[in-house]
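Q: can't give you the sequence, but here's the structure:
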């Protein structure tokens with residue numbers, strides 16, 4: 001991966017519906033040092049999505065990319081494939097990955113210095129509400145909610161930081177403060 005030694009790899013994880021995509025967009029708007037590696041998925045685009053959230057592909061295309069070693073990480077989750085292509089970030093940029101917990105574990109194996117930030121919902125009730133508002137069908141909501149406790153347990157074990165996404169701007173500000181502290185630490189002499 002062509003990243004400078006000073007570059008951070010920031011991995012944003014959390015259960016579906018917690019607001020990873022929205023927080024990632026806010027981070028990019030407010031921090032010009034971040035570069036988002038857009039993930040691939042085989043799941044269909046939601047009616048509420050504009051098309052830039054993922055690179056939407058069919059299963060055959062995704063599997064061909066796996067065979068060609070084009071991914072930093074990939075995983076199957078609820079019957080769909082998700083993966084992060086090998087990043088080609090601009091010089092000096094910090095890489096932001098918005099991925100599932102399984103993928104974050106793979107990133108940490110390859111890059112132990114990666115910073116994993118786990119977003120938590122304020123409550124399971126609010127998480128369910130967010131899933132429904134984004135247009136998920138009842139069956140998908142139930143499936144997501146049933147896997148959430150396991151995702152949270154695994155995520156908490158690998159997270160460097162945990163942020164409750166109770167309010168988008170507050171959570172974004174907290175993450176920006178974390179990133180600034182980490183950047184300051186990297187600038188200190190060893």
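A: Okay, I see it. As the structure is a computational prediction, the values presented were derived from the model and not from experiment.
Q: the helices in the protein, which residues?
A: Taking DSSP state H to define them, one finds helices in the chain at 20-30, 59-67, 101-110, 124-133, 138-158, 168-187.
Q: next, the buried residues of the shortest one.
A: Of the residues in helix 59-67, those with enough neighbours to count as buried (16 or more other CB atoms under 10 Å) are 62, 65. No exception for glycine: its C-beta is placed from N, CA and C like everyone else's.
Q: counting contacts, what elements does it pack onto?
A: Packed against helix 59-67 by the contact rule (3 or more CB pairs under 8 Å, 6 or more residues apart in numbering; DSSP states H and E) you find strand 40-41, strand 71-77, strand 80-85.
Q: sheet-wise, list the partners of the longest one with their directions.
A: The sheet places strand 71-77 alongside strand 80-85 (antiparallel), with pairing taken from DSSP bridges.
Q: by how many degrees do the partner strand and helix 59-67 diverge?
A: Relative orientation of strand 80-85 versus helix 59-67 (axes from the mean of the first three to the mean of the last three CA atoms, to 10 degrees): 40 degrees.
Q: next, the angle helix 101-110 makes with strand 80-85.
A: 30 degrees.
Q: flag every buried residue along strand 80-85.
A: Buried positions in strand 80-85, judged by neighbour count with 16+ other CB under 10 Å: 81, 82, 83, 84, 85.
Q: just stretch 131-141 next, same as before
A: For stretch 131-141, by 16+ other CB under 10 Å, it's 131, 134, 136, 140, 141.
Q: repeat that for stretch 29-43.
A: For stretch 29-43, by 16+ other CB under 10 Å, it's 31, 34, 35, 36, 37, 39, 40, 41, 42.
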